[in-house]
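Asker: heads up, no residue letters with this:
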């Protein structure tokens, strides 16, 4: 029987971190299924979903946790295959001058409507002509059944207007 495990990891960025993790997974009969990883402020961080034989899961988790002595913090959680509930998905985009509170405002509005964020990527980039700091975000949202898209768009438009950013929905 296979178990689903979710790993989170962070350490000082250096070549070989992913190789080190994937070697341990393979040595325990595991399979690397999906992951998201990024270099941020000199650190390398990620999250991965793996499958492993139930008999190997505890040993795998213990071996991964021991990487702390190498400067790599790894947490391991048992996952499960959750059936997706019927829902519409939309793509949310944000673009505008960077300022504190953009993610907080948008995420609070989504939470108030019980909208789940399946995936989100944010960045601050330099504007082409002015080099002004621009905040960008792209997120995949899962809307609960019966959610009023027009009302959601109105809410996001009001936030965008207040914060001086463009917020769009597609899908």
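Answerer: Now that the structure is in, tell me what you want to look at. Bear in mind the structure is a predicted one, so any value in this text is a computation, not a measurement.
Asker: buried residues, the helix ranked longest in the chain. List them.
Answerer: Identified as the longest helix of the chain according to DSSP state H is helix 149-163. Within helix 149-163, the residues that count as buried by 16 or more other CB atoms under 10 Å are 152, 155, 156, 159, 160, 163. (C-beta placed from N, C-alpha, C; glycine too.)
Asker: ok, the residues you listed vs residue 144, which is closest?
Answerer: Using CB to CB, residue 152 is the member of those that lies nearest residue 144, at 10.9 Å.
Asker: now that closest one: closest residue in space that isn't a chain neighbour?
Answerer: Distances taken as CB to CB, 6 or more residues apart in numbering put residue 113 closest to residue 152, at 6.3 Å, once the chain neighbours are dropped.
Asker: break down the chain into its strands, ranges please.
Answerer: Read by DSSP state E, the chain holds these strands, from start to end of the chain: 2-12, 31-40, 43-53, 72-79, 88-97, 116-126, 133-143, 166-170.
Asker: output those strands in a markdown table, with mean neighbour count, mean pLDDT and distance to residue 63 appended to each entry.
Answerer: Listed next are these as a markdown table, based on neighbours: other CB atoms under 10 Å; pLDDT from 0 to 100; distance: least, CB to CB, whole Å:
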| stretch | mean neighbour count | mean pLDDT | distance to residue 63 |
| --- | --- | --- | --- |
| strand 2-12 | 17 | 97 | 12 |
| strand 31-40 | 12 | 96 | 15 |
| strand 43-53 | 18 | 97 | 11 |
| strand 72-79 | 15 | 96 | 9 |
| strand 88-97 | 16 | 97 | 36 |
| strand 116-126 | 12 | 96 | 29 |
| strand 133-143 | 18 | 97 | 33 |
| strand 166-170 | 15 | 97 | 43 |
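Asker: reformat those strands as CSV; add distance to residue 21.
Answerer: Shown next, in CSV, are those (distance: least, CB to CB, whole Å):
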stretch, distance to residue 21
strand 2-12, 7
strand 31-40, 8
strand 43-53, 7
strand 72-79, 8
strand 88-97, 30
strand 116-126, 21
strand 133-143, 25
strand 166-170, 35
